[in-house]
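Asks: Sequence and computational prediction follow.
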Amino acid sequence: MNDNHFKFTTAVIGLPVFFVLFLWIVYWVQIRFDFDFYQNGIYPRDFSGLQGVLFSPFIHENLSHLYNNSIPLLVLLAALQFFYPKQSFSVVVYGILFSGLITWIIGRENFHIGASGLIYVIVSFIFFKGIQTGYYRLVALSFAVTLLYGGMIWYVFPDVDKTISWEGHLAGFITGFAMSLFYKTPEYAKPIVYDWQKPDFNPENDAFMKHFDEDGNFVNTEIPEEDLEDISTYYNSNLSINYTITKRESEDKIGM
């Protein structure tokens with residue numbers, strides 16, 4: 001598959017905008033009507049805390065928490081939808097579910113809320129999937145994500161900041177990596193640079209390749225008359241060359 005696989009659609013803008021807009025609506029409802037949504041977060045190893053697997057990504061502690069998650073989500077969801085359109089919906093949905101379940105299993109006994117777990121899912125998926133494909137555009141995307149969000153890796157370790165859910169970050173990172181292994185992407189064709197890379201290339205019809213055997217050894221054969229015109233195109237030039245003769249003192253000089 002070639003670069004035509006990457007097509008801009010309205011979903012590239014619509015998915016991140018509507019997702020982030022929904023987060024802001026939930027936060028507005030929370031502060032407008034003084035709802036305590038925190039108790040709907042993930043509470044590890046408690047049956048009622050399982051509801052947070054679904055609800056926790058949409059709940060935020062304060063405006064700063066929501067803002068810090070909104071900007072990365074806008075960028076990463078757009079990149080995910082553009083470069084992996086067939087996998088984007090599944091990555092988001094299953095990423096929320098599995099990262100939430102892992103957090104429920106390994107997390108500290110406290111309420112875990114916020115969309116940062118999903119951010120780690122997307123970063124991990126994009127990075128590892130691009131490296132696995134080996135396709136230059138997706139590899140470049142992997143390095144771009146590393147450049148922008150590579151510092152996030154420190155927050156999957158405990159004791160870096162006790163106020164954040166490193167368990168949710170680690171769960172998202174593991175989930176993204178696992179999904180990059182599970183979801184298959186099409187084989188990407190390398191860009192055609194030379195004529196001999198084209199699928200319909202036939203060396204027997206090429207004036208230059210006719211003079212080499214199967215092992216690449218030069219064969220001194222007489223050039224057929226019908227090939228002379230093709231070969232001449234490599235050497236003919238429309239540039240005119242003017243020759244001038246000048247004389248200085250007693251010596252003749254020829255310049256061109």
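Replies: Looks like it came in fine. Note that this is a predicted model, so its numbers are computed, not measured.
Asks: for the closest residue to residue 178 other than its chain neighbours, what are its contacts?
Replies: Sequence neighbours aside, residue 98 is the residue nearest to residue 178 in space, at 7.6 Å (criterion: Cβ to Cβ, 6 or more residues apart in numbering). Every residue, glycine included, has its C-beta placed from N, CA and C. If you count contacts by Cβ atoms under 8 Å, 6 or more residues apart in numbering, residue 98 has them with 171, 175, 178-179.
Asks: which residues in the stretch 101-250 of the chain form strands?
Replies: For the stretch 101-250 of the chain, the strands defined by DSSP state E, counting those that start in this stretch occupy 244-248.
Asks: so where's it shaky on pLDDT?
Replies: By pLDDT under 70, the low-scoring segments of the stretch 101-250 of the chain are 186-250.
Asks: again, only using 80
Replies: Residue ranges of the stretch 101-250 of the chain with pLDDT under 80: 185-250.
Asks: Return the distance of the residue nearest the centre of the chain relative to residue 171.
Replies: Taking Cα atoms, centre = their mean as the criterion, residue 141 is the residue nearest the geometric centre of the chain, at 3.7 Å. Using Cβ to Cβ, to the nearest Å, residue 141 is found at 23 Å from residue 171.
Asks: what's near enough to touch the residue nearest to the centre of the chain?
Replies: Residue 141 neighbours (Cβ under 8 Å, 6+ apart): 79, 83, 126, 130.
Asks: nearest to residue 32, of these?
Replies: residue 79 (32.4 Å; Cβ to Cβ).
Asks: Next, count neighbours for that closest one.
Replies: Look at residue 79: counted by other Cβ atoms under 10 Å, it has 20 neighbours.
Asks: so where does it fall, helix or strand?
Replies: Taking DSSP states H and E as the definition, one finds residue 79 inside helix 63-83.
Asks: I'd like the mean pLDDT over that helix, please.
Replies: Average pLDDT, helix 63-83: 96.
Asks: Contacts made by that helix with the rest, please.
Replies: With Cβ under 8 Å, 6+ apart as the test, helix 63-83 has contacts from 6, 8-9, 11-13, 15-17, 19-20, 23-24, 27, 60, 87-88, 91-92, 114-116, 118-119, 122-123, 125-126, 137-138, 141, 145, 148-149.
Asks: Buried subset of those residues, written for PyMOL?
Replies: Of those, the buried ones go into a single PyMOL selection, burial set by 16 or more other Cβ atoms under 10 Å:
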select buried, resi 11+12+15+16+19+20+23+27+60+87+88+91+92+114+115+116+118+119+122+123+125+126+138+141+145+149
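Asks: Which of the contacts of helix 63-83 fall within helices?
Replies: Under the assignment DSSP state H, these contribute 11-13, 15-17, 19-20, 23-24, 27, 88, 91-92, 116, 118-119, 122-123, 125-126, 137-138, 141, 145, 148-149 to helices.
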